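Student: for reference, the sequence and a predicted model appear below.
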Amino acid sequence: MLALTLAAAIVAESALVRSGLSSILGTSTHIKVVMEGTPGEAKAFRAEGVDVVVCDVADGTPGAVALENAPKGIPILALVGSKDRTREMVRAGARGVLTRDAAGERLCAASIAVAAGLCTLDDQTLAGLVSPKSGSPSADVLTPREHEVLELLAEGLSNKLIALRLEISEHTAKFHVNSILDKLEADTRTDAVVRAARSGMLTI
């Protein structure tokens with residue numbers, strides 16, 4: 001059961017952004033900020049006693065990279081500059097995604113909802129996330145390395161096994177998988193394989 005006052009950790013590269021987020025969350029009687037730090041410092045954050053991580057994702061930083069240092073097992077609310085990054089953040093593991101210009105009340109409410117195990121998205125980002133898929137992608141949409149990863153996805157390999165097979169890091173394998181999902185507009189690994197097969201990019 002969620003405590004009456006939840007503990008929030010703030011992750012942002014900018015000290016000014018961290019201060020601003022702390023002030024906004026502090027306006028809620030149900031939220032107490034217990035940790036603040038940069039993405040690098042977040043590696044040392046304790047997971048114990050933290051109910052939600054509010055992470056400001058720097059523009060241009062891949063979602064998987066931005067969220068990888070957050071305390072494991074703690075739901076993440078990602079703040080992004082563009083609603084177009086919603087799908088990427090969800091795939092990277094964020095439980096909620098808001099744009100940075102969201103109202104303070106919305107930010108507080110979303111933090112509480114995410115801490116309670118709910119998924120939270122802006123109406124406009126939700127609309128984009130569930131919009132109908134476009135036509136079949138062409139083979140040249142993927143890089144040669146992504147084609148290799150795609151073939152291993154078709155074999156049902158995990159990120160760890162893909163990394164071992166291609167002699168790359170597991171983090172790099174995860175980055176390639178997320179890129180494939182994004183380029184093929186697929187919601188899951190299986191969906192990516194099916195869409196690739198239907199477009200002739202893959203024979204299974």
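Tutor: That came through, no problem. What you are looking at is a predicted structure, and each value in this text was computed from that prediction instead of being measured.

Student: can you give me the distance of residue 154 to residue 194?
Tutor: Computed as CB to CB, to the nearest Å, the residue 154 to residue 194 distance reads 10 Å. Heads up, the C-betas are built off the backbone N, CA and C, glycines and all.

Student: revised request: answer the last question for residue 85.
Tutor: For residue 85 relative to residue 194 (CB to CB), the value is 24 Å.

Student: kindly report the same for residue 109.
Tutor: Applying CB to CB to residue 109 and residue 194 gives a distance of 37 Å.

Student: do the same with residue 34
Tutor: 43 Å.

Student: go on, residue 66?
Tutor: From residue 66 to residue 194 the distance is 28 Å (CB to CB).

Student: would you say residue 53 is within a strand?
Tutor: Yes: assessed by DSSP: H, G, I helix; E, B strand; the rest coil, residue 53 belongs to a strand.

Student: so what's it bridging to?
Tutor: Beta bridges link residue 53 to residue 9, residue 76, judged by DSSP bridges.

Student: what residue is smack in the middle of this protein?
Tutor: Compute the mean C-alpha point of the chain, and by CA atoms, centre = their mean the closest residue is residue 89, 2.7 Å away.

Student: which residues does it contact?
Tutor: 57, 63, 67, 78, 80, 97 (CB atoms under 8 Å, 6 or more residues apart in numbering).

Student: count the residues that sit near residue 173.
Tutor: As a burial measure, residue 173 scores 22 neighbours (other CB atoms under 10 Å).

Student: to clarify, my last question referred to residue 109.
Tutor: So residue 109, with other CB under 10 Å, has 16 neighbours.

Student: so who does it touch?
Tutor: Counting by CB under 8 Å, 6+ apart, residue 109 touches residue 120.

Student: which helix or strand lies directly C-terminal to the strand or helix carrying it?
Tutor: For residue 109, the element it lies in under DSSP states H and E is helix 104-115. Under the assignment DSSP H and E, the closest C-terminal helix or strand after helix 104-115 is strand 120-121.

Student: looking at the nearest residue to residue 119 once chain neighbours are set aside now. What's its pLDDT?
Tutor: Leaving aside its chain neighbours, residue 119 sits nearest to residue 95 (5.9 Å; criterion: CB to CB, 6 or more residues apart in numbering). You'll see residue 95 listed with a pLDDT of 86.

Student: contacting residues around residue 95?
Tutor: Per CB under 8 Å, 6+ apart, neighbours of residue 95: 75-77, 114, 117-120.

Student: over to residue 39?
Tutor: 11, 13, 55, 66, 69.

Student: kindly recompute the last result at 6 Å.
Tutor: With contact set as CB atoms under 6 Å, 6 or more residues apart in numbering, residue 39 has these partners: 11, 69.
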